[in-house]
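Asks: give me a model of this one.
(3 chains)
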Amino acid sequence: MPEGHSVHRIAKQFAVNFVGHRIAVSSPQGRFAADASRIDGHTMVASKAVGKQMFLEFDNDLWLRVHLGIYGAWDFAGDISIDPTIASANGRMGQTNQTGTAIPPRAILDEAGENSLHSIGAPRRTRLRMSESEKVEADIDAFPPEPVGQVRVRLLSDTAVADLRGPTACEVLDPAEVDAVIAKLGPDPQVDDGPEAEEAFVAKVRKKPTAIALLLMDQSVVSGIGNVYRAELLFRARQNPHTPGKLVPEETVRALWRDWVHLLQIGVETGQMMTMDDLDEESYRKAMAKREDRHWVYKREGLPCRVCGTHILLEELGGRKLYWCPKDQA
DNA sequence: CACTCATGCACAC
DNA sequence: TGTGCCTGAGTGG
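Replies: The predicted model follows:
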């Protein structure tokens, strides 16, 4: 799945291309039909993400809550803003479709560096897939395109369409229910940017006997971290994954939080889980091309540690794969 | 082309 | 602890 950074990017995509529009909500697959009728025909008024969950608000005071799980994805088509970073990562801005036409960038990052997307207007045929990665695909021939495969929800405006497939959660909630969901989540640096967020994280971690590797993945302790960021954050802090939260030095817990703030920000800005610092241009190109070159330890079992040369370990913890360096994270 | 596995999580047992 | 979700990238024949 999409760890936190991708969910924030998807929420921004909805903010730019759907908020303010009246939306026809349907369920081509059928499994969401009853819920769809509760928001069908209403105007989307807000879009937000907390951790790995996304919430879309409609003008009848109901919300659509979506969690993509391990392989959920949104497919956008029509008049869709494309982040130029993604456009170039996909094909140097000059990516060509089947007819050989260049796909022009439709959005720019704003000058304030807020990395919100601004549509600068254009044709309405682009296709964009947003999941754990983002991909600009061949243009559509007609709008709206026929739903392909098991589309749980289709959100259709006058100019754009978003198809949701394979989500782990997808439901319509009232405001109190939304609050209840969010109340169970630990702090998300993109949402809770004050010092209380760090304090809440530190307090929770330092109270628990649970291994720090499990706490980082616990969405009630801190939200948005998944298996990749977990492994990378622990390596970057040179922290043993098995240390109980309460025994991790306070300074290390704070460093983990601040590093998460930092990595999440990079992820939201670039759409990539780049967890290695200060790469020269050559290494950066390699890293973008191949995941194995993008991380310190994730998916590198048996390979020499980039710092000390020790073979990276892979073990199972809490039903998930944990990658770490037994020497640097002793 | 057939098959495995994944950047979660909720639920059943 | 196991399964469903039911996709798509990656791998190996």
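
Asks: near the closest residue to A:Arg236 other than its chain neighbours, how many residues? Count them for me, please.
Replies: In space, not counting the residues next to it along the chain, A:Arg236 is nearest to A:Asp259; the distance is 5.6 Å by CB to CB, 6 or more residues apart in numbering. Yep, even glycine has a C-beta here, placed from its N, CA and C like the rest. Summarising burial for A:Asp259: neighbours were counted as other CB atoms under 10 Å, giving 17.

Asks: list the contacts of A:Asp259.
Replies: Neighbour list for A:Asp259: A:233, A:236-237 [criterion: CB atoms under 8 Å, 6 or more residues apart in numbering].

Asks: what average pLDDT does the helix or strand encompassing it get?
Replies: Assessed by DSSP states H and E, A:Asp259 sits inside helix A:250-270. The average of the pLDDT scores along helix A:250-270 is 95.

Asks: mind listing what's buried in it?
Replies: A:252-257, A:259-260, A:263-264, A:267-270 (16 or more other CB atoms under 10 Å).

Asks: which of the contacts of A:Asp259 tops the neighbour count?
Replies: Within those, A:Leu233 tops the neighbour count with 24 neighbours, counted by other CB under 10 Å.

Asks: could you check how many residues crowd around whichever residue of chain A sits closest to DNA strand B?
Replies: Nearest to DNA strand B, among the residues of chain A, is A:Gly226, at 2.6 Å (CB to the nearest atom of the strand). A:Gly226: 22 surrounding residues under other CB under 10 Å.

Asks: repeat for A:Gly30
Replies: A total of 12 residues lie near A:Gly30 under the criterion other CB under 10 Å.

Asks: element containing it?
Replies: With the criterion set as DSSP H and E, no secondary-structure element contains A:Gly30; it sits in neither a helix nor a strand.

Asks: how much space is there between it and DNA strand C?
Replies: 10 Å (CB to the nearest atom of the strand, to the nearest Å).

Asks: show the model's pLDDT score for that residue.
Replies: pLDDT, the model's per-residue confidence, is 89 for A:Gly30.

Asks: next one: phi and psi at it?
Replies: Phi and psi for A:Gly30, reported as degrees, to the nearest 10, are phi 100, psi -30.

Asks: kindly report the same for A:Val50.
Replies: Note on A:Val50: its backbone torsions stand at phi -130, psi 120 [degrees, to the nearest 10].

Asks: just checking, it touches A:Ile182?
Replies: Yes: the pair A:Val50 and A:Ile182 qualifies as a contact (CB atoms under 8 Å) at a distance of 5.4 Å.

Asks: show me the contacts for A:Thr210.
Replies: Residues A:218, A:244-245 are the ones in contact with A:Thr210 under the rule CB under 8 Å, 6+ apart.

Asks: what do you get for A:Leu264?
Replies: When contacts are counted by CB under 8 Å, 6+ apart, A:Leu264 is found next to A:4-5, A:8, A:189-190, A:224, A:229.

Asks: of those, which belong to strands?
Replies: Within the contacts of A:Leu264, membership in strands is found for no residue, as judged by DSSP state E.

Asks: so the residue nearest to A:Arg306 when sequence neighbours are not counted: helix, strand or coil?
Replies: In space, and not counting its chain neighbours, A:Arg306 is closest to A:Trp296: 5.9 Å by CB to CB, 6+ apart. A:Trp296 carries the three-state label coil when classified by DSSP: H, G, I helix; E, B strand; the rest coil.

Asks: A:Trp296 against A:Arg238, yeah?
Replies: No: under the criterion of CB under 8 Å, A:Trp296 is not in contact with A:Arg238, lying 10.4 Å apart.

Asks: so between those two, which is more surrounded?
Replies: Under the neighbour definition other CB under 10 Å, A:Trp296 and A:Arg238 were set side by side, and A:Trp296 has more, 22 against 14.

Asks: tell me who's in contact with that one.
Replies: Counted by CB under 8 Å, 6+ apart, A:Trp296 has contacts A:231-232, A:235-236, A:275-276, A:305-307, A:325.

Asks: if you set the cut-off to 7 Å instead, what comes out?
Replies: Residues touching A:Trp296, when contacts are defined by CB atoms under 7 Å, 6 or more residues apart in numbering, comprise A:232, A:235-236, A:275-276, A:306.

Asks: hang on, the earlier thing: distance of the residue nearest to A:Arg236 from A:Phe58?
Replies: 37 Å (CB to CB, to the nearest Å).

Asks: likewise for A:Arg154?
Replies: Distance from A:Arg154 to A:Phe58, by CB to CB: 15 Å.

Asks: appreciated, that's everything.
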